[in-house]
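Enquirer: One predicted model, sequence on top.
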Amino acid sequence: MSKTKHKIVIVGGGTAGISVAARLCKNNSDVAIIEPSEKHYYQPLWTLVGGGIVPKETTERNEKDYIPAGAVWIKDRVAEFLPDENALVTESGKKIEYEYLVVAAGIQLDWAKVKGLPEALGKDGVCSNYSYQTGEKRGKFIGPSKSGNAIFTHPTTPIKCGGAPQKIAYLAEDYFRKNGIRDKAKVKFINGMPTIFGSPHYAPTLTKHCEDTGIETKFKYNLTEIRAASKEAIFTQVETGEELIEKYDMIHVTPPMSAPDFIKRSALANEAGWIDVDKETLQHTKFKNVFGLGDSSSLPTSKTGAAIRKQVPVVVENLRHLMKNETLSEKYDGYTSCPLVTGYDSLIMAEFGYDLKPQETFPFDQNKERYSMYLVKRYVLPQLYWNGMLRGRA
């Protein structure tokens, strides 16, 4: 087994990993990033891809163009963590030692946990914005001449971008309305969770939007099977186990998600499988030279890019404090943001923290549908991402 060592090793070259690396590389020359992917995606725009607003190609860039200068890019996957040895092992058999470890490995899409879904995905009305390959299918499965049942699902597990399952439902409903076929289509949002949205400040507005637009909602029903031959979706009531069968002409599936398997089976994971970190300092609860952030972490907040943007400076500064044997003074308050697209020209910019109370940026009531906030998501946030976050500037 070959062996190398770096002062700082970052696992994951997605939003969190690259953003941390970009900041660290300004002052540290020995940073390694473990990431197998050649492509990098701005996933928050995938809802608009599904809505036919932007082409999917605009969300894709080459990973190499965002590896910060000075960082070593290890194109491999982690197979095993050895935190007692300050090391990890990659799938290619390489042992990599570190002084400090940052885990930003993202989230795992568990398509196979819905029976029949992997085989049906991307075919005959089954689509998902959570896949680069199938997100644009939504536009192909709904056309001006189509009618019938359009179903949108939300699983019981934590997911990245918690508002995405309902955002695409709102876009579809608006599409039907603008094309004069709303009366031919039934739009249903079937959610495994108990409420429409985690923050009680924004939930009533979203509930009213569904009522005003005629979107049917069901809660505590989790998608468990797709029967493609009969175009039936099988849901299970999470408390009683009751089975619900829904016929669909189109179904947008948000798959169950979890921490990556190599994290689940490691000593770094908590009982639920996530990297076990202090929710304020983002330092691991047991291994003090390890930090975690982003979707693979145990942080009890919505898994969004906006949350990562606030987590990154906390990790970077606390890591620097640790290197100097100083107190970890930076604290993360759980801030996250969910830009909730409610139509082709409207959006609710939900921002809140661990306490689920609003932490709004703009000098007006963001608990209203606004065209200005839609423009922020469509044009401003992508630029902030590519040219700010990933460059260590925002």
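Expert: The structure has been received and is ready for your questions.
Enquirer: Pull out the buried residues from stretch 161-181.
Expert: Residues of stretch 161-181 classed as buried by neighbour count (16 or more other C-beta atoms under 10 Å): 161-177, 181. Heads up, the C-betas are built off the backbone N, CA and C, glycines and all.
Enquirer: what's the answer for stretch 375-390, then?
Expert: 376, 377, 378, 381, 382, 384, 385, 389, 390.
Enquirer: Tell me how far that stretch lies from the chain's centre.
Expert: Distance of stretch 375-390 from the chain centroid (C-alpha atoms, centre = their mean, to the nearest Å) equals 16 Å.
Enquirer: Name the residues that touch it?
Expert: Contact with stretch 375-390 is made by 15, 18-19, 22, 40, 42, 44-45, 48, 53-54, 61, 66, 305, 308-309, 312, 339, 341, 347, 349, 393-394, as judged by C-beta atoms under 8 Å, 6 or more residues apart in numbering.
Enquirer: Could I get the average pLDDT for it?
Expert: Stretch 375-390 shows a mean pLDDT of 97.
Enquirer: Outside of stretch 82-96 itself, which residues are in contact with it?
Expert: Here stretch 82-96 makes contact (C-beta under 8 Å, 6+ apart) with 1-6, 9, 11, 32, 34, 74, 76-81, 97-99, 101, 266-268, 286-287, 289-290.
Enquirer: and these, which are buried?
Expert: Among those, those classed as buried by 16+ other C-beta under 10 Å are 6, 9, 11, 32, 34, 74, 76-78, 81, 97-98, 101, 266, 268, 287, 289-290.
Enquirer: from the buried residues of stretch 375-390, which ones fall inside helices?
Expert: Among the buried residues of stretch 375-390, the members falling in helices (DSSP state H) are 381, 382, 384, 385.
Enquirer: Pipe the buried residues of stretch 375-390 into JSON lines and attach distance to residue 192 per row.
Expert: Formatted as JSON lines, these follow (distance: C-beta to C-beta, whole Å):
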{"residue": "376", "distance to residue 192": "30"}
{"residue": "377", "distance to residue 192": "25"}
{"residue": "378", "distance to residue 192": "29"}
{"residue": "381", "distance to residue 192": "28"}
{"residue": "382", "distance to residue 192": "30"}
{"residue": "384", "distance to residue 192": "32"}
{"residue": "385", "distance to residue 192": "29"}
{"residue": "389", "distance to residue 192": "31"}
{"residue": "390", "distance to residue 192": "33"}
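Enquirer: Tell me the one among those residues nearest to residue 153.
Expert: Nearest to residue 153 among the buried residues of stretch 375-390 is residue 377, at 22.5 Å by C-beta to C-beta.
Enquirer: how close does the closest one get to residue 236?
Expert: From residue 377 over to residue 236 the distance is 33 Å, taken as C-beta to C-beta, to the nearest Å.
Enquirer: Could you do residue 80 as well?
Expert: Separation of residue 80 from residue 236 (C-beta to C-beta): 34 Å.
Enquirer: now residue 86
Expert: Distance from residue 86 to residue 236, by C-beta to C-beta: 44 Å.
Enquirer: so how many other residues sit close to the closest residue to residue 227 other than its chain neighbours?
Expert: Distances taken as C-beta to C-beta, 6 or more residues apart in numbering place residue 116 nearest to residue 227, at 6.1 Å, with adjacent residues excluded. Neighbourhood size, residue 116 [other C-beta atoms under 10 Å]: 18.
Enquirer: can you pull the contacts of the closest residue to residue 266 other than its chain neighbours?
Expert: Beyond its immediate neighbours in the sequence, the residue positioned closest to residue 266 (C-beta to C-beta, 6+ apart) is residue 81, lying 4.2 Å away. Counting by C-beta under 8 Å, 6+ apart, residue 81 makes contact with 88, 262, 263, 266, 267, 268.
Enquirer: can you check residue 331 too?
Expert: If you count contacts by C-beta under 8 Å, 6+ apart, residue 331 has them with 280, 281, 314.
Enquirer: PyMOL command to pick out the buried ones of the residues you listed?
Expert: PyMOL command restricting the contacts of residue 331 to the buried ones, with burial defined by 16+ other C-beta under 10 Å:
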select buried, resi 280+281+314
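Enquirer: Do a quick rundown of the strands in the stretch 201-350 of the chain.
Expert: Secondary structure of the stretch 201-350 of the chain (DSSP state E, counting those that start in this stretch): strands at 216-219, 221-227, 232-237, 243-247, 250-252, 257-258, 290-292, 336-343, 346-352.
Enquirer: a markdown table please, covering these and showing distance to residue 149 and mean pLDDT.
Expert: Below are these laid out as a markdown table (distance: least, C-beta to C-beta, whole Å; pLDDT from 0 to 100):
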| stretch | distance to residue 149 | mean pLDDT |
| --- | --- | --- |
| strand 216-219 | 10 | 98 |
| strand 221-227 | 14 | 98 |
| strand 232-237 | 9 | 98 |
| strand 243-247 | 6 | 98 |
| strand 250-252 | 8 | 94 |
| strand 257-258 | 25 | 98 |
| strand 290-292 | 41 | 98 |
| strand 336-343 | 20 | 97 |
| strand 346-352 | 24 | 98 |
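Enquirer: Between these, which one is closest to residue 109.
Expert: Of all the strands of the stretch 201-350 of the chain, strand 257-258 sits nearest to residue 109, with 5.8 Å by C-beta to C-beta.
Enquirer: And the closest one, what does it pack against?
Expert: strand 108-109 (3 or more C-beta pairs under 8 Å, 6 or more residues apart in numbering; DSSP states H and E).
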